[in-house]
Each structure stands twice: as structure tokens, then as C-alpha cells.
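> okay, predicted coordinates and the sequence, questions at the end:
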Amino acid sequence: MQSIPTKTLLRDCDAVQIPSGNRVTLGKGAVVDLTQTLGGTYTVRAGSGLYRIGGHDADALGLSTGEAVAPDDGPVTPERVHAVLKTCFDPEIPVNIVDLGLVYDTVVEPRVAGAFAVSVKMTLTAPGCGMGPAIAGDAQQKILQLAGVEEATVEVVWDPPWHQSMISADGRKVLGLE
């Protein structure tokens, strides 16, 4: 059985409440349990609530900032966009958004001077999930890290509705569904 590390916040830090998506400040000295550390973000339990802390606030947890940087080689393609999106995670599920089947459409459009615009349509596991803007924003920032991408848009859509049959074989394995 894996133990969940307990941390005491070293400073005030911004967080997003799960699943409502409300932005809050967790105060210096708050005791939190670190429940997930994937994709450069941290999911913590504080009291009876869950919160997502961005990688830029890792120092508040006493951790070093170790956000993954997108690989800088090769042309911008839907496959490279999906590779970087595999570093984006739902804060409650330890599977990336691509393997969860949340990414529906990826369009890469060439621009002048070798630059690209990327457009992604994705969904969420539940229509009422307040984490949509946070997850989409994380995805957008990671796409913008790809060399040559000058514009990235991520739109949350609801058609077709997500179903667990959309989870990839790798995702199903992580979740113990196989």
C-alpha cells in the first residue's frame, strides 16, 4: 500500500477547488495530503476538499518546480500535439486526457514563416465538471510550448457525449479496467 505524503504549505498559494472549478487561496501553514502528482500539477486534499495546485506553485509544497517542457524537435503535427496533451491530466483520474478519450479533434494550420495555429476540441468525463476551464487552460499552455506554435485554442464540446468505452487500452490498464 502506497502512503500519501502530508505537506504543510510554506506560503499562501492559489488553487482550484475540485470539482467546482472555483479559484481559492490555500493559506500558509495549511496541512494537505498530496494525492496526485501528474503532468506538472498537484492534487491535494485539505480538510474534506480536493484542490489542484499548478506546477508554478510547487515551492509552496516544498517541492521543486519540474514542469515538463515539450520536445523541440520535428514539425508541428496532430501526433506531436497529442504527445504533449498526454502530459495533461484530470486532477481526479490518473490517466491523461488523450488516453481518457477526451480529445476529439486536432487541427494544425500552417501560418507564415513556419509558424502554426493549433485548434483542439475536447470534452470532459461529466458535463457538470467545473474543472473544464482549468483542464482546457492547461492543455492550451502545453500546446503553446511546442516550437513553432504561435496560437492555440482548446474548446470544450459535449457532442458526442463521453463514455468510458472511449478510454484507450493504456488508459484502461492504468484504471484496472482490463
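Perfect, I can see it now.
> alpha carbons of the helix or strand where Ile135 lies, in CSV - could you do that?
Using DSSP states H and E, Ile135 sits in helix 132-144. Provided in CSV are the C-alpha atoms of helix 132-144 (Å, rounded to 0.1, in the frame of the first residue of the first chain):
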residue,chain,number,x,y,z
GLY,A,132,-13.2,22.2,-17.7
PRO,A,133,-11.6,25.7,-17.9
ALA,A,134,-8.6,24.5,-15.8
ILE,A,135,-8.0,21.4,-17.8
ALA,A,136,-8.5,23.2,-21.2
GLY,A,137,-6.2,26.0,-20.0
ASP,A,138,-3.5,23.5,-19.0
ALA,A,139,-3.9,21.9,-22.5
GLN,A,140,-3.6,25.2,-24.2
GLN,A,141,-0.4,26.2,-22.3
LYS,A,142,1.2,22.9,-23.1
ILE,A,143,0.4,23.2,-26.8
LEU,A,144,1.9,26.7,-26.8
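> show me what that helix is packed against.
helix 78-85, strand 116-122, strand 149-156 (3 or more C-beta pairs under 8 Å, 6 or more residues apart in numbering; DSSP states H and E). Quick note: C-beta positions are derived from backbone N, CA and C, even for glycine.
> now the angle from it to strand 116-122?
Here the directions of helix 132-144 and strand 116-122 differ by 150 degrees (axes from the mean of the first three to the mean of the last three C-alpha atoms, to 10 degrees).
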